[in-house]
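Asker: What shape does this take:
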Amino acid sequence: MRSNLSPARRRGFSLIEIMVALVLLGIVATGIMTVVMRQQQFYRSATDVIDTRQQIRQAAAVVPVDVRGVSSVGGDILAMSDSALDVRGNIGSAIVCSHTTNSITIPPLNLAKNRYFTTFLTRPKVHDVIIIFDDKTAGNQDDDWTVNTISAIDSTLVGCTSFTDAVLDATKYRYIYTFSSPLSGTIIDGAPLRMAREVKYSLYKSATDGLWWMGYRECRGDQTSCDAVQPVSGPYKPYVANDTVNSGVSFVYRDSTGAVTATPTKVARVEMFIHGQTQSAVALGGGKAAVYSDYMKVTIALRDRQ
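Answerer: Residues are numbered from 1 along each chain as shown. Okay, here's the model as predicted:
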């Protein structure tokens, strides 16, 4: 027998229902994308801020390495301004093992019996300088440090007998430095010496990106030429002359009394004011995006000063 009952037809979605669902889905998706984009902007901005602070700390760590060890009374400050500093940075120390009229030999790095007369922060190159203690007339207050520019570098396995062991140090190289001019006639074997390289720190504007950076250059000891400037850290605020509040990097020089001085030989400490900023506008609190800036002051006391 055939039943008169038929299965109920399944009712589909109407066009209006589909449109409402799509609108609601669009609203939800827009909300999610807005949150995601804000989170991305926040993390990007936070990264820029952290990088700016790291760049400031890097400048505060790098510059004192070369500046703290200079001798103002010894003429190590070669030039100074409110946005640049040119000094002889120490790169090593040793003693005169033996010498001729225009050259010296220094001891090997690692001597027998754990003796150390020579240390290098970095190896000297031709045109660096070696500053040697000159006792001059015995008993008189006329001692001095003489600056000698390196013209040639060599090594040897012989000589320097006063400071090396003839057997245990026989295979260790002594370093020979020849100078462009004769040594003082009163320099003696055993005299202490230090090695230096001229370095320049300065605030400069990059021709590539138009931003301001802390630049570093190494120069010849005879001051005839320098390497191309290299960025150390940044970017910083633009340069403003004699302004420690608004300029990206500013140097202030003080003597032993705390007074500001423009005389290199009287500098007892150097104050460095650093004002870093992000390369682009950032927004951390959901407000209007703006360039973020941060500030640090570093005081560098010199080792040998008046």
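Asker: quick one: low-confidence ranges for the stretch 101-250 of the chain?
Answerer: The stretch 101-250 of the chain contains residues with pLDDT under 70 at 139-140, 142, 222.
Asker: Would you map the helices across it?
Answerer: Counting by DSSP state H, counting those that start in this stretch, the stretch 101-250 of the chain has no helices to list.
Asker: Do a quick rundown of the strands in it.
Answerer: 103-106, 119-120, 129-134, 144-156, 174-179, 192-205, 212-219, 230-236, 249-254 (DSSP state E, counting those that start in this stretch).
Asker: Pull the residues that contact the shortest one.
Answerer: When you say that, I think you mean strand 119-120. Ile91, Gly92, Ser93, Ala94, Leu109, Met195 (CB atoms under 8 Å, 6 or more residues apart in numbering). All C-beta spots, glycine's among them, are computed from the backbone N, C-alpha and C.
Asker: nearest to Ser293, of those residues?
Answerer: Nearest to Ser293 among those: Ile91, at 34.4 Å, using CB to CB.
Asker: Just after the helix or strand containing that closest one, pick out the following helix or strand.
Answerer: For Ile91, the element it lies in under DSSP states H and E is strand 84-95. Moving toward the C-terminus from strand 84-95, the next helix or strand (DSSP H and E) is strand 98-99.
Asker: List the contacts of the spatially most central residue of the chain.
Answerer: Nearest residue to the geometric centre of the chain (CA atoms, centre = their mean): Val62, 3.3 Å. Val62 sits next to Tyr216, Val232, Ser233 when contact means CB under 8 Å, 6+ apart.
Asker: wait, is it part of a strand?
Answerer: No: secondary structure of Val62 (DSSP: H, G, I helix; E, B strand; the rest coil): helix, not part of a strand.
Asker: Number the chain from 34, please
Answerer: Understood, numbering begins at 34; the last thing we discussed is Val95.
Asker: most neighbours, which of the contacts of Val95?
Answerer: Counting neighbours by other CB atoms under 10 Å, Ser266 leads the contacts of Val95 with 23 neighbours.
Asker: Report the beta-bridge partner residues of that one.
Answerer: Met247 (DSSP bridges).
Asker: Touching, it and Trp246? I think so.
Answerer: Yes: with contacts counted by CB atoms under 8 Å, Ser266 reaches Trp246, the gap being 7.2 Å.
Asker: Asp84: what's it in contact with?
Answerer: Asp84 neighbours (CB under 8 Å, 6+ apart): Thr311.
Asker: From Ala127, how far out is it?
Answerer: Between Asp84 and Ala127 the computed distance is 40 Å (CB to CB, to the nearest Å).
Asker: shouldn't Met113 be in contact with Val285?
Answerer: No: between Met113 and Val285 there is no contact under CB under 8 Å: 10.0 Å.
Asker: Could you name every residue contacting both of the two?
Answerer: Overlap of the contact sets of Met113 and Val285 (by CB under 8 Å, 6+ apart) is empty.
Asker: Now Glu251. Nearest residue, chain neighbours left out?
Answerer: Asp260 (5.1 Å; CB to CB, 6 or more residues apart in numbering).
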